[in-house]
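Peer 1: The following comprises the amino acid sequence and a computationally predicted model.
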Amino acid sequence: MVDVVGMGALNEDIISAIKPGKEEELLKRIKKEGRHHIATYDDYTDYLDFKLRVDGGSAANTITGLAMAGWKCSFISELGNDETAAFIEKQLNKQGIETVIKKVDGKTGSCGIILHADGKYSVLFKEGVSDDIELSDDMLNKVRSCKLFHLSPFASFKSLSSLKTQAALAVEAKKSGVVVSVSPGRLYAETFTSADKTEKQQLAERLLSNSDIIFINKNEARMISGEENHESASQKILSIFNPKIVCITLGSKGCHVRTVDKNFVLETSYAKPVTTLGAGDAFAAGFLDAYLRGNSVEECAKQGNEFASVCVNFIDPNEYLARIKI
């Protein structure tokens with residue numbers, strides 16, 4: 001029996017820094033072509049210095065942090081039949097994470113992560129398989145018997161099957177008394193900005209309505225709630241979806257947390273970040289580890305900030321994970 005089950009898209013992250021003097025030119029090109037336009041990474045070699053290749057995906061990052069904190073973890077996703085898939089599974093298994101992976105013909109998704117000099121980053125997404133996961137008895141048994149079920153988005157470009165399965169599993173987990181946490185990310189949050197209520201938005205609503213803890217950043221909070229102020233956004237999200245806790249990460253300013261009877265901002269401090277890549281996922285890992293140990297919501301937020309403040313100092317997530325102090 002595992003303690004924590006995660007579910008979300010898996011991909012490789014190819015992390016590069018921008019060559020000196022090339023940032024303005026590259027950012028103009030990205031803006032013109034679009035963040036999701038990339039045929040091959042070779043198109044960008046004139047601008048970039050390769051740094052690192054790692055496994056990625058929001059929920060996978062958080063689950064890896066929880067595995068390093070000592071929890072027995074399992075992960076549900078879909079991969080292609082290629083070398084990238086083998087690389088990702090190997091990385092997860094190295095952290096002791098059991099995998100429930102659907103293998104299909106096709107390529108595994110990847111992200112070109114471009115680090116900026118100020119610590120921010122751009123993402124160039126290369127579409128792969130991930131959207132066709134169907135509900136199975138194995139998945140149901142795992143989520144019904146664990147302590148925590150944590151989810152992050154699938155691209156849902158070709159099919160809504162994976163999102164439908166997430167929503168169904170969240171319902172079953174909730175019925176079984178399992179804590180359900182969701183990091184909807186931009187891919188699910190942006191569905192709420194449409195004037196028409198699409199099937200994808202309805203499924204995202206169902207997912208959030210069956211969650212106990214929602215992790216979002218300021219932009220995602222605005223998209224979901226329609227409110228510009230994070231205080232108003234958290235109140236609206238709490239009233240619509242009725243989770244126990246809403247956590248809005250505020251970057252270097254820390255986090256804003258709201259429950260039915262508590263509402264606070266917990267500040268953090270760190271020097272100029274090497275990169276903010278994965279900081280939100282690290283926050284979720286720290287928060288959830290403390291939550292599973294029975295700590296107060298304030299202590300959970302404090303540990304979330306601590307995990308994130310360590311994460312921003314390293315490009316390689318393994319460096320951050322090695323420095324986690326529980």
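Peer 2: Everything's here; your move.
Peer 1: Let's see the distance spanning stretch 124-132 from one end to the other.
Peer 2: End-to-end span of stretch 124-132 (Cα to Cα, to the nearest Å): 22 Å.
Peer 1: any idea of the mean pLDDT for that stretch?
Peer 2: Over the span of stretch 124-132, the pLDDT mean works out to 87.
Peer 1: ok, residues contacting it?
Peer 2: 9-11, 30, 35-38, 44, 77-80, 84, 102, 104, 106-112, 114, 154-163 (Cβ atoms under 8 Å, 6 or more residues apart in numbering). Where you see a C-beta, it was placed from the backbone N, CA and C, and this is true even at glycine.
Peer 1: Generate a ChimeraX selection restricted to the buried subset of these.
Peer 2: Typed into ChimeraX, the next command selects the buried ones out of the contacts of stretch 124-132 (criterion: 16 or more other Cβ atoms under 10 Å):
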select :9,10,11,30,38,44,77,78,79,80,84,104,106,107,108,109,110,111,112,114,154,155,156,160,161,162,163
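Peer 1: Filter the contacts of stretch 124-132 down to the ones in strands?
Peer 2: Of these, the ones assigned to strands by DSSP state E are 11, 77-80, 102, 104, 110-112, 114.
Peer 1: want to try a markdown table for the residues you listed, with distance to E306 and pLDDT as columns?
Peer 2: Converted to a markdown table, the ones in strands among the contacts of stretch 124-132 look like this (distance: Cβ to Cβ, whole Å; pLDDT from 0 to 100):
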| residue | distance to E306 | pLDDT |
| --- | --- | --- |
| N11 | 27 | 94 |
| S77 | 28 | 98 |
| E78 | 33 | 97 |
| L79 | 32 | 97 |
| G80 | 36 | 96 |
| K102 | 35 | 95 |
| V104 | 39 | 95 |
| S110 | 30 | 89 |
| C111 | 26 | 87 |
| G112 | 30 | 84 |
| I114 | 27 | 86 |
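Peer 1: and A285, that one's in a helix?
Peer 2: Yes. The assignment for A285 is a helix, going by DSSP: H, G, I helix; E, B strand; the rest coil.
Peer 1: I'd guessed it sits against A67; true?
Peer 2: No. Using Cβ atoms under 8 Å, A285 is not in contact with A67; the gap is 9.2 Å.
Peer 1: of those two, who's got more company?
Peer 2: Each of A285 and A67 has its neighbours counted (other Cβ atoms under 10 Å); A285 has more, 30 against 24.
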